[in-house]
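Enquirer: Next comes the sequence, and after it the predicted model I'd like to discuss.
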Amino acid sequence: MVKSQPIESLASRLKLRHMQIALALRDAPSAKEVAAAANVSESAVSKTLAELEAQLGFKLFERIGNAKRPTEMGRQILPMMEAVVAQSRGLAQAVTDVRSGRLGELRIGVATDMGKLTLAPLIHAFNQAQPGVALDVQAGGYRAMADQLLDDRLDALVCYDAPGLIAPGLGRLRLAPPQPLVVVANARLSPLAARRRLTLQELHGQPWCKPRPGTMMHDKLTALFLGCDLGLPPRGIQVSDLLLTDEFVRTTDYLVMLPLAAAQRLTVAAEAVILPVELHQHNPPTIVAWQRAAERQPPLRQFLQFCEAPPG
């Protein structure tokens, strides 16, 4: 049995450069061509081969007349050296890709409906431009997502840029400007769909898809009705998922308050209408936030650059 210590000793002394020269000598007509390609002298090539053969304990090549060919032991070892050299090239490529941000992982949280609308096409375009970056996109409530960002369980968070929502010291980049808030109703089922003018008092008595307490949209809806001495509409349900809200608007007479861009998606197919009532309310800009200390991570750096100037 071969002892492990001599094996470890030999492995530590084998050099990639020695193997590259040996493979070049196998494939080239002469040492002269190898020396020219490696930009060294012929004597340096011969010395490198001699060092390698001394470490191996046998000759890799033998001369037959004016030609050289691998020895029997060389024929066994040279293909293994070729595999090692190929793996080293693969490792070098992977290192380059990781260092440049073309390879890696990126965890992105989204905590707003506008963030979902903004992020989906951005993620698609980024994934096409950087297919080697594995993307993990998570949706949830703002506070849960913000905690994950601060605990380094997310690399970036897409959310509204509202006072008090983002901890000081985090980087911030605007993705979308403020959006006016509008009320949307089912075009066929809502009794208000055909009206040309509406008041908040009339909206108050209708069934609503209401945002959950503790969210910015809940505060906006509450403030809207408190402004005319009304409480939160008593009828309806609480729902926080954008797709589920869309489905309620498409199939029931529930009203919902949405950013204009989200509302327009429902009105394109004439499934819903934007009701004629001026709310005088806007949501804040949509931003991407991240920990400044994480900017050294190449995939995050690539994503932030992409957010600043996505390909046209």
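Expert: Received, thanks.

Enquirer: roughly how far apart are the closest residue to G74 other than its chain neighbours and A86?
Expert: Spatial nearest neighbour of G74, chain neighbours left out: L60 (3.9 Å); criterion: C-beta to C-beta, 6 or more residues apart in numbering. (C-beta placed from N, C-alpha, C; glycine too.) According to C-beta to C-beta, to the nearest Å, L60 and A86 sit 18 Å apart.

Enquirer: Between the two, which has more neighbouring residues?
Expert: Each of L60 and A86 has its neighbours counted (other C-beta atoms under 10 Å); L60 has more, 21 against 10.

Enquirer: mind listing what the more buried one touches?
Expert: Counting by C-beta atoms under 8 Å, 6 or more residues apart in numbering, L60 touches 22, 25-26, 49, 52-53, 70-71, 73-74, 77-78.

Enquirer: If we use 6 Å, what do you get?
Expert: 22, 53, 74 (C-beta atoms under 6 Å, 6 or more residues apart in numbering).

Enquirer: and if you look at L23?
Expert: E82.

Enquirer: Return the distance of the host helix or strand of it from the chain's centre.
Expert: Using DSSP states H and E, the element containing L23 is helix 16-27. The chain centre lies 40 Å from the centre of helix 16-27; the measure is C-alpha atoms, centre = their mean, to the nearest Å.

Enquirer: buried residues in it?
Expert: 18-26 (16 or more other C-beta atoms under 10 Å).

Enquirer: Out of those residues, which comes closest to V95?
Expert: Closest to V95 out of the buried residues of helix 16-27 is Q20 (17.7 Å), distances taken as C-beta to C-beta.

Enquirer: Now do that closest one, the pLDDT please.
Expert: Listed pLDDT for Q20 reads 93.

Enquirer: Enumerate every residue touching it.
Expert: Contacts of Q20 by C-beta under 6 Å, 6+ apart are V85.

Enquirer: swap in R172?
Expert: R172 neighbours (C-beta under 6 Å, 6+ apart): 287, 289.

Enquirer: That one should be in a strand, yeah?
Expert: Yes: using DSSP: H, G, I helix; E, B strand; the rest coil, the assignment for R172 is a strand.

Enquirer: Would you mark the buried spots in the helix or strand harbouring E247?
Expert: E247 belongs to helix 242-251 when assigned by DSSP H and E. Within helix 242-251, the residues that qualify as buried are 242, 245-246, 248-249, counting by 16+ other C-beta under 10 Å.

Enquirer: what is the mean pLDDT for it?
Expert: Averaging pLDDT along helix 242-251 yields 89.

Enquirer: chain center to it, what's the gap?
Expert: That offset, for helix 242-251, works out to 28 Å (C-alpha atoms, centre = their mean).

Enquirer: What is the subsequent helix or strand relative to it?
Expert: strand 256-259.

Enquirer: Direction included, what does that following strand pair against?
Expert: Sheet pairing of strand 256-259 (DSSP bridges) gives strand 179-186 (antiparallel).

Enquirer: what separates the partner strand from the chain centre, distance-wise?
Expert: Offset of strand 179-186 from its chain centre (C-alpha atoms, centre = their mean): 31 Å.

Enquirer: cool, stretch 229-240 as well?
Expert: Distance, centroid of stretch 229-240 to centroid of chain: 36 Å (C-alpha atoms, centre = their mean).

Enquirer: What are the buried residues along that stretch?
Expert: 230, 232-233, 236, 239-240.

Enquirer: pLDDT on stretch 182-195, on average?
Expert: On average, stretch 182-195 scores 95.

Enquirer: Tell me the helices and strands packed up against the longest helix belonging to the chain.
Expert: Ranked by number of residues, the top helix in the chain under DSSP state H is helix 72-100. Helices and strands touching helix 72-100, by 3 or more C-beta pairs under 6 Å, 6 or more residues apart in numbering; DSSP states H and E, are helix 16-27.
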